[in-house]
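Q: build me a model:
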Amino acid sequence: MYSLVYSIYFSVCRYAKKHGTSRMVQRIMGYCESYFNLLLPRKYQKQNCSESGVTKTKREQKVIISLTSFPKRIDTVWLTIETLLRQSVKPDKVILWLAASQFDGLESLPESLLRLQKRGLTIRFCDDLRSHKKYYYALQEYSEDLVILADDDLFYPRDTVKRLLKMHQQWPEDICCISAQVISPDFTSMPSQWRNPKPEEHNWQHSNQLQVFTGGGTLIPPHTLDSNVFDQTAIKELCPYADDLWISFMAHRHRTRITTLKNWRAFPVTIYGTAEGSLYYINGEGKQNDVQWQNLLDHYGVKSC
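A: Predicted structure coming up:
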């Protein structure tokens, strides 16, 4: 049922992208979103699933899913993690990074989250780097493995890991992502000018014109980012709120290409009530993406990319 509803949702979103949104289209999208937000949580709570969400098969190169969260979403992030533990291709680890300054240890976390440790969730406490916690520690600790980045406010399709690994097999030296944005008209233009890929376009593989949306699901292979990626001072001063821009800039600076799905796919369904405090409003609506991108261009220079 889960995958069927997502299939319907993505098909309707694709139709809306090409032909516009009608009242019927909005209604179908609303029904799909209600299924994930109203029916699915009850199902998860009743099931009390005990199946492991991580693989028991040893891989030579591990697959690590890494995400972060903060107090306003700590009561709902378990829903996102459930969908990551129920992937058709299971990862080796799912790690949730939390700022030690925002929580009083494991005992301060909700039971809905703690119980997922039995199925493979690892909870780690670290310094507060806002959304950059998503990648900062995992990429250093698992420097020779495949790190998949995720957000804390989405219901992930069950084929997310499968699709990322399939892209990686075809383009092993690329950063692979489910969702991306086209850097247009050129690298010096501001994010507010960039655009989403069009449904009819199929040429966004091995590209030097893409910005990754890390939250849609992004696979980062070893040695694909510039060494400055871990410069905390630069992160905090130049790009404190936009891990997407930082990762993309450091990829282009390293001459790494980016690959996204051939067939455009809408962003996953958002968990109700998680919009408050979202970086979308700071970066997109508040135009902070433009400010941060200009900071990166001014500091590092466009020729370095």
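Q: ends of stretch 61-70, what's the gap?
A: Stretch 61-70 stretches 30 Å from its first residue to its last (Cα to Cα, to the nearest Å).
Q: buried ones in that stretch?
A: Lys62, Val63, Ile64, Ile65, Ser66, Leu67, Thr68, Ser69, Phe70 (16 or more other Cβ atoms under 10 Å). To be clear about C-beta, it is placed using only N, CA and C from the backbone, and glycine gets the same treatment.
Q: could you do stretch 32-45 as well?
A: Across stretch 32-45, burial judged by 16+ other Cβ under 10 Å covers Cys32, Glu33, Tyr35, Phe36, Asn37, Leu40, Pro41, Tyr44.
Q: with pLDDT, secondary structure and distance to Arg23 added, can I get those in JSON lines?
A: Shown next, in JSON lines, are the buried residues of stretch 32-45 (pLDDT from 0 to 100; DSSP: H, G, I helix; E, B strand; the rest coil; distance: Cβ to Cβ, whole Å):
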{"residue": "Cys32", "pLDDT": "98", "secondary structure": "helix", "distance to Arg23": "15"}
{"residue": "Glu33", "pLDDT": "97", "secondary structure": "helix", "distance to Arg23": "16"}
{"residue": "Tyr35", "pLDDT": "97", "secondary structure": "helix", "distance to Arg23": "19"}
{"residue": "Phe36", "pLDDT": "97", "secondary structure": "helix", "distance to Arg23": "21"}
{"residue": "Asn37", "pLDDT": "97", "secondary structure": "helix", "distance to Arg23": "21"}
{"residue": "Leu40", "pLDDT": "95", "secondary structure": "helix", "distance to Arg23": "25"}
{"residue": "Pro41", "pLDDT": "95", "secondary structure": "helix", "distance to Arg23": "27"}
{"residue": "Tyr44", "pLDDT": "92", "secondary structure": "helix", "distance to Arg23": "31"}
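Q: low pLDDT regions in this protein?
A: Residue ranges of the chain with pLDDT under 70: 276-286, 303-305.
Q: on that earlier part again, so of the buried residues of stretch 61-70, which ones are in helices?
A: In helices, judged by DSSP state H, none of the buried residues of stretch 61-70 are found.
Q: for my notes, please list these in TSV and give distance to Phe267 for each entry.
A: Below are the buried residues of stretch 61-70 laid out as TSV (distance: Cβ to Cβ, whole Å):
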residue	distance to Phe267
Lys62	27
Val63	22
Ile64	22
Ile65	17
Ser66	19
Leu67	15
Thr68	18
Ser69	18
Phe70	20
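Q: and stretch 179-193, end to end?
A: One end of stretch 179-193 sits 17 Å from the other (Cα to Cα).
Q: distance between that stretch and the chain's centre?
A: Chain-centre distance of stretch 179-193: 19 Å, with Cα atoms, centre = their mean, to the nearest Å.
Q: likewise stretch 260-276?
A: Using Cα atoms, centre = their mean, the offset of stretch 260-276 from its chain centre is 9 Å.
Q: give me the buried positions along that stretch.
A: Thr260, Leu261, Trp264, Arg265, Ala266, Pro268, Val269, Thr270, Ile271, Thr274.
Q: next one: phi and psi at the spatially closest residue to the fifth one that is not a sequence neighbour?
A: Spatial nearest neighbour of Ala266, excluding adjacent residues (Cβ to Cβ, 6 or more residues apart in numbering): Cys13 at 3.6 Å. For Cys13, the backbone dihedrals (degrees, to the nearest 10) come out as phi -60, psi -40.
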